[in-house]
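Q: Requesting a structural model of the entry that follows:
(2 chains)
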Amino acid sequence: MKGTHLGEFEELVLLTVGILHNEAYGLSIKQEIKARAKRNVNLSAIHAALYRLEEKGFVNARMGEASNKRGGKRKKLFTLTNYGIKTLKDQREMRDSFWTAIPNIAIKGSR
Amino acid sequence: MPNNIRPKHFYVNKLIRMKDEPTQHPPRFAKKLLKWFLDERFLETVEGDLEEEFHEQIESKGLFKAKMLYVFTVFMSFRPYQIKRPKQPFLIRLYMLFNYFKIAYRNLLKQKAYSTINIVGLTFGIVCFLLISLYVKDELMFDHMHQKLERIYRVTEKIENQNGEITYAKTSYQVGKQAVEQLPQVEKAVQLLGYGRSLIINNEKQFKVYLEMIFTDESFFETFDFKLLHGDAKTCLKEPSSIVLSKKIALQLFGKTNIVGKSLESGRMESDLIVSGVLEDIPLNSHLQTDALFSMATLENMEFFERRTSSDWDSHNFLTYLLIDPKADHRATQDELNKLAATNSDYKEGQRAIVFQALEDIHFGSGHIENDYNFNKNDIKYAYILSLAAIIILLIASFNYMNLSTARSISRGKEIGIRKVVGANRENIMTQFLCEAILLSAICFLLALGIVQILLPYFNHFTNKALSLSLFSAWYMLPSIIALMMVVGVVSGIYPAVILSRFKITNTLKVSGRNLQKGMNLRRLLVIFQFVVSITLTIATIVAYAQMQFIQKKDLGFNKELMLVADINSGKLRSNFQTLKNKLIQMSSVTSVSVSSRVPGEWKLLPKALSKFPGEDESQGHELYLIGADKDFLNTFGITLKLGRNFGANESKDSTAVLLNETAAKLLGIKNATSQKIQLIYGNYDGEIVRLESPFEVEVIGIVEDFHFRSLHEKISPIIITYRNNPLHAIDYYTVRIKPNQNMASVLDGVENALHEIDPTHIFEYHFLDDQLALFYENDTRRAYIFSGSALVAVFIAALGLMVLVAFSTRQKRKEIGIRKIHGAKTSKIVMLLTKDFFAMIAIAFLIATPLSWFLMHNWLDAFAYKISLSPSYFVLASLFMLLLTLLTTGIQAYKAANEKPVDTVRNE
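A: Sure, this is the predicted structure:
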């Protein structure tokens, strides 16, 4: 297995896979990210991120159905693995622990 | 296809399409590209996602933007993880690669004639290409040995006056001196002053030599990177009476180079000279060439030097190079210097412009500059034409390979078929044929490199260069040769590879003649291209030859044959000229002797004199070229007197008489020589104006017919022939007309003895006038040779290719010929059938080559003021030559094939 580090963009894609549940494939993930994070990402970047996530074992993939709109090509659908869910949780807990460690003054001061 | 026979599913498909299938499609090339590089594991999903996005984008953003995004995303998908990987394991591929080379090698051996022709053709092409590349590279790298190249500028001056516009390579002393003193961005000013030639003698060993005296100071070595073998660059030109010699001269005078501190005697200096340094011989690809440098300090306190330097802003006698701060703008500096000069100068506004010429532009950009110590200057146009010729010749050679291997495909068809049957895919076959081409190219390159090494000395002699080809002389040499080898291999191999790998298994395994038809059109195009190049170069050769013949044969208005011209550098020989003349004329081999300041076809500076009629203003006068001569000048040179009389025997009486040539007479409006008075005001020695104290008044006593005293590149200019002792230019040459059929060695001995009787120290220097005149056309002759050399190679390669091509196609058609003969076809018809294609191609090639070569040669001839006109006969001659060549190469084989007995050809199936 390659490194288990989760990059910022990878985390975003992984979360979106979770949101879309069973309907997550390249294009739908791109659109979801655009709707939620207002980020216009190139499809090829999503593909690359999904490839890495699959390699690291955060997601599972299966082939979906084809349609004329897709030129008769099938989708590759992604779902979170348990390991992927755990990693997301760990990531969140680590963030929270950082947040609680920031003294209130620092946050208020910046406002 | 009529409606009623359309298959049923056609309508069904159409129906489904109308209902469901989108009508817009992503760009086809992008889709193909994606399919080409994307690994199959990813292809389906990526293609699907992209297409779905495409259709969604059409709805929201429109078709154009959707297409753009599609293409962009395809390019972005080019990521390492999803690029196609070769299917076969690495080791197998490596093994196959070896196998390809092995098979290629066996094929080479099996088809010896075919391989030889391929190798010979390609090797010739590569040799030609390498030699020309070396030449062009050397030309482009002219003066590039200096590290500060980009900061060095030569100060030239553009002068406009009533005689038109002239650009001088030299400027005055103050311009250079004040530039470095008053303009902070000018770091150094190198000033070089030429002072004619002087005899330099090593008293120790009694060796002597003539050297061009060029004076400069230590800034020379601070600016230029010429290497000193001995001596200190900082100080060697500082002290008075210092001289730096080139290695060549040092060896001539002392037999060794470590001679710093030795003293030399000069014929023109009172004090001895001390050798302060020895210079590595200046590379041939430097425009500045000198064998000796004298320290400028030597001249200080000399009267003439004072005069030339003290407050002189206007004359043109110092070759000046400025080294400019890298941060400064050279144009702004040039403007500042122009302003500075304008405030100190006598020139009227707009008359003089100082122009900086970058050091790297000097070699190719000095065509318009007169008198500039720059003897190798060239026109960039020829560098381009040569490069083009090199590439075209290499292409022709590659085309041969292409043509031959595709034409030969039939014999390889079975091999390809079997390879495919056992599982080779198209890429494998292509790789195989590329390997073959690369192997061939490698062999040819090795051969070519060897041949180039052998030819280089001759080529260097011919081009007057010091070229060398060493694979290790620079880091980029070996890689670029290998890269070139690969390029030649791939260029010549790619087309056969594509064609051959496309063969269907079923077709290749059957014996069929149809394979030959594959690529027929492209092959025709390539042959036409070869014909075009061959015809063009043949025309160029014929025209160049005709022009060089024209120059040889042209009546120059004087007789250049059998003329011995001896240079005088001795006061004794000048003053005792009458005694010497008498001695020479007594020699049995000599017809006549003349003394003159210059000779027609002069190779040194030819001065001009401003002449005007008395009472006229100077600005109404004209600058005429000037030769000082004696009464034997006209008959020795065979110049015809048209009107009036020649100089007479009475010397004192004729010392103010002059002759004019027709052009000068016309310019001055003189119809008949009736002792018209003319005043000569000043002499113009290559931009250096020397005024006479009072006008020299002369009388026109005769008009001579025009003669070509300069090269045929230039129109005949007005010239005035004054008497030998005139205040403007002293005599410099003895010209001896020799009787035909003499032993030249004894003539030379006789002349030398006569000279030595008067001045034993004098070194006898002589030229034959016709040889000297040929030097004017050295570059033209060289170019003419290059035309004919390339023509020879191109025609040779094309002929080789043609021969093999016909051999293949006749073998292919043996059966057809047999059957035709059985049905009663005549031999002539069959020969016609086999060759008519080629004649049609020649006709097309001729139509293309004619305007092309007309343009090329018109341009070449433009350099001559006197030239042949491009008559149609040259073009016809070249085409006839091509036709004949084609007849020979194709006709004989076709005739042989046509005469075969049908029994032999039709029997086997």
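Q: quick one, phi/psi of B:Gln578?
A: Main-chain torsions, B:Gln578, degrees, to the nearest 10: phi -70, psi -40.
Q: Chain neighbours aside, what residue packs nearest to the one residue in chain B that gets nearest to chain A?
A: Nearest residue of chain B to chain A: B:Gly48, at 3.1 Å (C-beta to the nearest C-beta). Glycine gets a C-beta too; all of them are placed from N, C-alpha and C. Excluding its sequence neighbours, the residue lying closest to B:Gly48 (C-beta to C-beta, 6 or more residues apart in numbering or on different chains) is A:Lys73, at 3.1 Å.
Q: For the one you found, list the residues it contacts.
A: Contact analysis of A:Lys73 by C-beta atoms under 8 Å, 6 or more residues apart in numbering or on different chains lists A:66, B:44-45, B:47-48, B:51.
Q: follow-up on the earlier one: how close does the residue of chain B closest to chain A get to B:Ser295?
A: 84 Å (C-beta to C-beta, to the nearest Å).
Q: and the residue of chain B closest to chain A, what pLDDT?
A: pLDDT for B:Gly48: 89.
Q: buried residues in the host helix or strand of it?
A: Following DSSP states H and E, one finds B:Gly48 within helix B:40-61. For helix B:40-61, burial by neighbour count (16 or more other C-beta atoms under 10 Å in any protein chain shown) applies to B:42-55, B:57-58.
Q: will you turn the contacts of A:Lys73 into JSON lines that also has distance to B:Ser219?
A: Putting the contacts of A:Lys73 into JSON lines (distance: C-beta to C-beta, whole Å) gives the following:
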{"residue": "A:Ala66", "distance to B:Ser219": "81"}
{"residue": "B:Glu44", "distance to B:Ser219": "74"}
{"residue": "B:Thr45", "distance to B:Ser219": "72"}
{"residue": "B:Glu47", "distance to B:Ser219": "70"}
{"residue": "B:Gly48", "distance to B:Ser219": "74"}
{"residue": "B:Glu51", "distance to B:Ser219": "72"}
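Q: Between those, which sits nearest B:Thr309?
A: Using C-beta to C-beta, B:Glu47 is the member of these that lies nearest B:Thr309, at 81.8 Å.
Q: Would you mark the buried spots in stretch B:225-233?
A: For stretch B:225-233, the neighbour count (16+ other C-beta under 10 Å) marks B:226, B:228-231, B:233 as buried.
Q: got these as CSV, with pLDDT, distance to chain A and secondary structure columns?
A: Converted to CSV, the buried residues of stretch B:225-233 look like this (pLDDT from 0 to 100; distance: C-beta to the nearest C-beta, whole Å; DSSP: H, G, I helix; E, B strand; the rest coil):
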residue, pLDDT, distance to chain A, secondary structure
B:Phe226, 91, 58, coil
B:Leu228, 90, 62, strand
B:Leu229, 91, 63, strand
B:His230, 91, 66, strand
B:Gly231, 90, 66, coil
B:Ala233, 88, 61, coil
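Q: Could you work out the most separated pair of the residues you listed?
A: Taking C-beta to C-beta as the measure, the buried residues of stretch B:225-233 span a maximum distance of 13.3 Å, between B:Phe226 and B:His230.
Q: hmm, back to that, go through the buried residues of helix B:40-61 and say which is closest to B:Gly824.
A: Of all those, B:Leu43 has the smallest distance to B:Gly824: 61.6 Å, by C-beta to C-beta.
Q: got a list of what A:Gly18 touches?
A: Applying C-beta under 8 Å, 6+ apart, the residues contacting A:Gly18 are A:80, A:85, A:88.
Q: who's the first one bridged to?
A: For A:Leu80, the beta-bridge assignment (DSSP bridges) gives partners A:Val59.
Q: okay but it is in contact with A:Ala61, surely?
A: No. Using C-beta atoms under 8 Å, A:Leu80 is not in contact with A:Ala61, being 11.3 Å away.
Q: More neighbours: the two, which one.
A: Set A:Leu80 next to A:Ala61 and count neighbours by other C-beta atoms under 10 Å in any protein chain shown: A:Leu80 wins out with 20 against 16.
Q: Okay, the more buried one and B:Lys348: tell me how far apart.
A: Separation of A:Leu80 from B:Lys348 (C-beta to C-beta): 90 Å.
Q: domains of chain B?
A: Under the assignment automatic domain parsing, the domains of chain B span B:3-82, B:90-141+B:380-518, B:149-370, B:522-554+B:777-906, B:563-771.
Q: List the beta-bridge partners for the residue of chain A found nearest chain B.
A: Per C-beta to the nearest C-beta, A:Lys73 is where chain A lies closest to chain B, at 3.1 Å. On the basis of DSSP bridges, A:Lys73 is bridged to A:Ser67.
Q: if we can go back for a sec, including pLDDT, could the contacts of A:Gly18 go into TSV?
A: Output for these, formatted as TSV (pLDDT from 0 to 100):
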residue	pLDDT
A:Leu80	93
A:Ile85	93
A:Leu88	92
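Q: could you dump the residues you listed to JSON lines with distance to B:Thr333?
A: Formatted as JSON lines, the contacts of A:Gly18 follow (distance: C-beta to C-beta, whole Å):
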{"residue": "A:Leu80", "distance to B:Thr333": "71"}
{"residue": "A:Ile85", "distance to B:Thr333": "73"}
{"residue": "A:Leu88", "distance to B:Thr333": "68"}
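Q: Just the closest of those residues to A:Tyr25, please.
A: Closest approach between the contacts of A:Gly18 and A:Tyr25, by C-beta to C-beta: A:Leu80, at 13.9 Å.
Q: now the strands: where do they sit in chain A?
A: Ranges of strands in chain A, per DSSP state E, are A:59-67, A:73-80.
Q: Of these, which stretch is the most buried?
A: Stretch with highest mean neighbour count among these: strand A:73-80 (a mean of 21; mean count of other C-beta atoms under 10 Å in any protein chain shown).
Q: which residues does B:Met882 contact?
A: The contact partners of B:Met882, by C-beta under 8 Å, 6+ apart, come to B:531, B:534-535, B:538, B:795, B:842, B:845-846.
Q: Between all of these, which two are separated the most?
A: B:Val795 and B:Phe846 (14.4 Å).
Q: Show me which of these two is the more surrounded one.
A: With other C-beta under 10 Å as the criterion, B:Val795 and B:Phe846 differ in neighbour count, and B:Val795 comes out ahead with 22 against 19.
Q: these two touch, right, that one and B:Thr538?
A: Yes. The pair B:Val795 / B:Thr538 is scored as a contact, 6.6 Å apart, by C-beta under 8 Å.
Q: Quick one: find the helix or strand in chain A with the lowest mean pLDDT.
A: Ranked by mean pLDDT, DSSP states H and E, the weakest helix or strand in chain A is helix A:104-110, scoring a mean of 64.
Q: re earlier: just send the contacts of B:Met882 back as TSV, with pLDDT, secondary structure and distance to chain A too.
A: Below are the contacts of B:Met882 laid out as TSV (pLDDT from 0 to 100; DSSP: H, G, I helix; E, B strand; the rest coil; distance: C-beta to the nearest C-beta, whole Å):
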residue	pLDDT	secondary structure	distance to chain A
B:Phe531	89	helix	49
B:Ser534	90	helix	52
B:Ile535	90	helix	53
B:Thr538	90	helix	56
B:Val795	89	helix	54
B:Ile842	88	helix	52
B:Ala845	91	helix	49
B:Phe846	91	helix	53
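Q: Are any of those buried, and if so which?
A: For those, a neighbour count by 16+ other C-beta under 10 Å gives the buried set as B:531, B:534-535, B:538, B:795, B:842, B:845-846.
Q: Show me the shaky parts of chain A.
A: Residue ranges of chain A with pLDDT under 70: A:1-4, A:106-111.
Q: now the stretch 501-650 of chain B
A: In the stretch 501-650 of chain B, residues with pLDDT under 70: B:506-520.
Q: Show me the helices in it, by range?
A: Taking DSSP state H, counting those that start in this stretch, the helices of the stretch 501-650 of chain B run over residues B:505-509, B:520-553, B:571-575, B:577-585, B:633-637.
Q: contacting residues around B:Tyr785?
A: Per C-beta under 8 Å, 6+ apart, neighbours of B:Tyr785: B:Phe462.
Q: does A:Glu65 really touch A:Gly72, like I thought?
A: No. The criterion here is C-beta under 8 Å, and A:Glu65 misses it with A:Gly72 at 10.7 Å.
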